[in-house]
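Asker: Turn this into a structure:
(chains A, B, C and D)
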Protein chains: 4
Amino acid sequence: MRLAPDASPHAVLAAGREVLHQQSFSRLLGTELTAFSRGRAELQLPLRPDHQQQSGFAHGGVVSYLADNALTFAGGSALDGNALTSEFKINYVRPAVGERLIARASCIHAGRNQAVSRCEIYAVAADGAEKLCAVAQGTIVRILDSSQG
Amino acid sequence: MRLAPDASPHAVLAAGREVLHQQSFSRLLGTELTAFSRGRAELQLPLRPDHQQQSGFAHGGVVSYLADNALTFAGGSALDGNALTSEFKINYVRPAVGERLIARASCIHAGRNQAVSRCEIYAVAADGAEKLCAVAQGTIVRILDSSQG
Amino acid sequence: MRLAPDASPHAVLAAGREVLHQQSFSRLLGTELTAFSRGRAELQLPLRPDHQQQSGFAHGGVVSYLADNALTFAGGSALDGNALTSEFKINYVRPAVGERLIARASCIHAGRNQAVSRCEIYAVAADGAEKLCAVAQGTIVRILDSSQG
Amino acid sequence: MRLAPDASPHAVLAAGREVLHQQSFSRLLGTELTAFSRGRAELQLPLRPDHQQQSGFAHGGVVSYLADNALTFAGGSALDGNALTSEFKINYVRPAVGERLIARASCIHAGRNQAVSRCEIYAVAADGAEKLCAVAQGTIVRILDSSQG
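Answerer: Numbers count the residues shown, from 1 in each chain, chains lettered A, B, ... in the order given. Coordinates of the predicted model:
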């Protein structure tokens, strides 16, 4: 997305939510964008039974989806133009169980055409306590045309 | 899953499909296990509109979910006991568009407690042509108790 | 390395320096351990002409060596016993040029048998200014016997 | 490096060796380029005592250096122009002990500005037997100007 240099915090968040809403997969899962500014993004996902793997935890694919998306929002907002994730890596450190997941990502470096972001994913219990369940790191590239080549 | 040393190919595939069926998230997405043997797994995902991101491609999170799952089936079947993905890394090389995705994973090394797997994810067009859209690599660990710590 | 629970900060740093000194490759490169406590490590490498690649920057392999080593010191000190790096990932964000490199690593989660660490690598100019040149993330495993299998 | 479209296999290998020779760090370690063609590279490193860590194995940083370099040669030769490694990930699967290390890398996808390569690193015993000791995967980017931004 292109963010005007003088866009208000409210306008930036609204623009991010519009992009998220255009992702039918994010609507299917129920993801919410709860904070968004240039180089930073927070996504939340209320956990449902149909997010689980065979042991009752949120599927690793749910966690990695959230990481991928948060990395892209953080890195993409720091680049000038549309962007997508070129690659990322994730380490799972605890089972993802709780009421919701929160992914907080920040861009740690942005050049002209690519940015590097990091992300932490927390599982939130009913009492609001957060436990780190995964960390991720990846590259976001500005889209020059229809492909990422 | 534990696979008996003398399990028939048919029994191994059936056991894998049972695990996949226990993943409510995989049922939500519609994933199929189309090949499975010790150290190897092939997952397929018929693409639907609700798998997409804002540009009409399958969401990166769909591709990374499929990679994560295929890596785990390949690595887990090579270890003795239940297993989960400790970490993985994915590089996206082409937009994921087409009728379905195929993830083919193989275990390249298995020790006592952990295995390393690699995976290629292809997008399949209506005419059956396959195009590589992502490659992944990750670590699968045997679950010793209720956590991966 | 095994660190006594009541080891003084000075004893911990001395133990870390002893391990580093036992690494002939680290002696070849000239690496120094400048800070070390349970879950944290800082390594420094004064840059020399024979650390370079063809463009006059420090070779990516020098940077990745320093990241690997810092991740292992940070993660290993948080585990009970000897440890080694199972895997890691590094993103280079700027050419590594300057008087020295500093790698700062911290363990973000430690279980019984494995830990996850993150690391930032900075290039330091003659005036002491630090510029981020790479970030890394990896898994450190406790050595149960002679191999990591 | 720029490779003429009609360069002979001998000329391509010679061009690669010239680049390797310009890397003072590769000369310090003793690396040899033993095969090189568009999208493929094989590097070898005769192991010496000063390549070791504290247990007598080749240091993980030696293995990751070799992986980084092989990934770059494979990916860079598939791109039009100078290139460098943007990021990579490595999994160590066995201690690196033996007479030499061999890294074999191939480019699995090349676009206009970036390529993705994979690499396997083997330890070679005195009798010539090869054992896989690490696998790596990474992104190589074409250098547009003096930085990778």
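
Asker: And the helices in chain A, which stretches?
Answerer: For chain A, the helices defined by DSSP state H occupy A:9-22, A:24-29, A:60-78.

Asker: can you list the ones you listed in a markdown table and add distance to residue B:118?
Answerer: Just so you know, the C-beta spots here come from the backbone N, C-alpha and C atoms, and that holds for glycine as well. What follows is those, written out as a markdown table (distance: least, CB to CB, whole Å):
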| stretch | distance to residue B:118 |
| --- | --- |
| helix A:9-22 | 32 |
| helix A:24-29 | 25 |
| helix A:60-78 | 16 |
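
Asker: which parts of chain A sit against chain B?
Answerer: A:19, A:22-28, A:49-54, A:58-62, A:64-66, A:68-69, A:72, A:84-95, A:147-148 (CB under 8 Å from any CB of the partner chain).

Asker: can I get the helices of chain A in CSV with mean neighbour count, distance to residue D:40 and mean pLDDT?
Answerer: Shown next, in CSV, are the helices of chain A (neighbours: other CB atoms under 10 Å in any protein chain shown; distance: least, CB to CB, whole Å; pLDDT from 0 to 100):
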stretch, mean neighbour count, distance to residue D:40, mean pLDDT
helix A:9-22, 15, 40, 95
helix A:24-29, 20, 37, 97
helix A:60-78, 28, 30, 97
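
Asker: Let me see the contact set for residue A:49.
Answerer: residue B:24 (CB atoms under 8 Å, 6 or more residues apart in numbering or on different chains).

Asker: any idea how far residue A:60 is from residue A:32?
Answerer: To residue A:60, residue A:32 is 21 Å away according to CB to CB, to the nearest Å.

Asker: same thing with residue A:139?
Answerer: Going from residue A:139 to residue A:60 by CB to CB gives 21 Å.

Asker: buried stuff in stretch A:111-125?
Answerer: A:113-124 (16 or more other CB atoms under 10 Å in any protein chain shown).

Asker: Please see if it touches chain C.
Answerer: Yes: with CB under 8 Å from any CB as the criterion, chain C is reached by stretch A:111-125 at A:111, A:116, A:118.

Asker: Sort out which of those are in strands and list them.
Answerer: A:116, A:118 (DSSP state E).

Asker: so which of the residues of stretch A:111-125 next to chain C are also by chain D?
Answerer: Within those, those near chain D by CB under 8 Å from any CB are A:111, A:116.

Asker: Just name the lowest-scoring one in the residues of stretch A:111-125 next to chain C, pLDDT-wise.
Answerer: Lowest pLDDT among these: residue A:111, with 94.

Asker: Okay, that residue and residue D:56: tell me how far apart.
Answerer: In this view, residue A:111 and residue D:56 are 41 Å apart by CB to CB.

Asker: try residue A:114
Answerer: Where residue D:56 is concerned, residue A:114 sits at a distance of 40 Å (CB to CB).

Asker: To chain D, which of the helices of chain A lies closest?
Answerer: Relative to chain D, the nearest member of these by CB to the nearest CB is helix A:60-78, separated by 11.7 Å.

Asker: Can you pull the residues of chain A lying near chain C?
Answerer: So far as CB under 8 Å from any CB goes, chain A lies against chain C at A:89, A:91, A:93-94, A:108-109, A:111, A:116, A:118, A:132, A:135, A:137-139.

Asker: shaky segments in chain A?
Answerer: Residue ranges of chain A with pLDDT under 70: A:1, A:145-149.
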